[in-house]
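Asker: 3D, please:
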Amino acid sequence: MRKSQSVALNCVNCSTCAQVEWAGLEPAGLDYLSKAKRTFDYQPGESIFHQGDDPQGIYCIEQGNILLRQFDRAGNEVGFRVIMDGETIGWRSYFAEQAHAATALALTACRVCLIPASDLIAMMKAQPSLAHRFLKTISRDRGPADGLLLRNPQLPVRIRLINFLIILGEHLYANGDNRQFSLTLPLQRQQIASMIGTRSETLSRTIAELEASGLVHFVRREVRIPDYGNLLRESERAG
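Answerer: Sure thing, here's the model as predicted:
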């Protein structure tokens, strides 16, 4: 069933546009983007697109959290990345001209803008710098390789959990800033345990260990990270 469209926010007034690849577009480009995009609302559990679907364009997450998941070799569907508001998805399949390699599932109520493929082509021809910004995004992205960081059985659960927090933190501090920050976990602990390939009991013990070491502080679903750089160094020491 096709989703009904919602009233779209003008891209000039959208804070998300200033965070993603559309940043730097000239006023004419933002106006074109506002007219071209289609905005949809999703409830938790609804899919934005499915693994195997043909790409229709690029999706801009105005509000909400989304889980990317794909089938592993055993046929199990496993989450490998949480997408936060202020990010774009779908560009890997769009530029590769291949079917989506993952399913995008709404974790919370989401508002998502779809920029159709034909309009993307027109925008990139008019402003080549837009293509350059997407090229930079692609070159930095690990894609489904995040799943290897999170579920590698050769890594201790402690390091897998640290890698999960690092990936979440990258959205806030993409350049590895060492300042402290807080984030709200977009998943329940049982879901996090599944995502990093462990049991809920083991996850709880690991969280207690990280708190005892001073690396993180958990209060329900709020996580305070005193020093993001310390998390990076812990992960690097594990190889």
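Asker: all helices of this structure, in order?
Answerer: 27-36, 91-96, 117-126, 128-140, 146-151, 157-170, 189-195, 200-212, 228-237 (DSSP state H).
Asker: could you dump those helices to JSON lines with mean pLDDT, mean neighbour count and distance to N13?
Answerer: Where you see a C-beta, it was placed from the backbone N, CA and C, and this is true even at glycine. Below are those laid out as JSON lines (pLDDT from 0 to 100; neighbours: other CB atoms under 10 Å; distance: least, CB to CB, whole Å):
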{"stretch": "helix 27-36", "mean pLDDT": "88", "mean neighbour count": "16", "distance to N13": "9"}
{"stretch": "helix 91-96", "mean pLDDT": "91", "mean neighbour count": "18", "distance to N13": "23"}
{"stretch": "helix 117-126", "mean pLDDT": "90", "mean neighbour count": "15", "distance to N13": "19"}
{"stretch": "helix 128-140", "mean pLDDT": "85", "mean neighbour count": "13", "distance to N13": "20"}
{"stretch": "helix 146-151", "mean pLDDT": "74", "mean neighbour count": "19", "distance to N13": "32"}
{"stretch": "helix 157-170", "mean pLDDT": "88", "mean neighbour count": "20", "distance to N13": "27"}
{"stretch": "helix 189-195", "mean pLDDT": "88", "mean neighbour count": "18", "distance to N13": "34"}
{"stretch": "helix 200-212", "mean pLDDT": "94", "mean neighbour count": "14", "distance to N13": "39"}
{"stretch": "helix 228-237", "mean pLDDT": "87", "mean neighbour count": "15", "distance to N13": "31"}
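Asker: which one of those lies closest to E21?
Answerer: helix 128-140 (4.3 Å; CB to CB).
Asker: can you check what angle separates the closest one from helix 117-126?
Answerer: Put simply, helix 128-140 runs at 110 degrees to helix 117-126, going by axes from the mean of the first three to the mean of the last three CA atoms, to 10 degrees.
Asker: for helix 128-140, list the C-alpha coordinates in CSV.
Answerer: Once non-C-alpha atoms are left out, helix 128-140 reads as follows in CSV (Å, rounded to 0.1, in the frame of the first residue of the first chain):
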residue,chain,number,x,y,z
PRO,A,128,27.7,20.0,-9.8
SER,A,129,28.9,20.7,-6.2
LEU,A,130,25.9,18.6,-5.0
ALA,A,131,27.3,15.5,-6.8
HIS,A,132,30.7,16.2,-5.1
ARG,A,133,29.1,16.3,-1.7
PHE,A,134,27.4,13.0,-2.3
LEU,A,135,30.7,11.5,-3.5
LYS,A,136,32.3,12.6,-0.3
THR,A,137,29.5,10.9,1.7
ILE,A,138,29.9,7.7,-0.3
SER,A,139,33.7,7.6,0.2
ARG,A,140,33.3,7.8,3.9
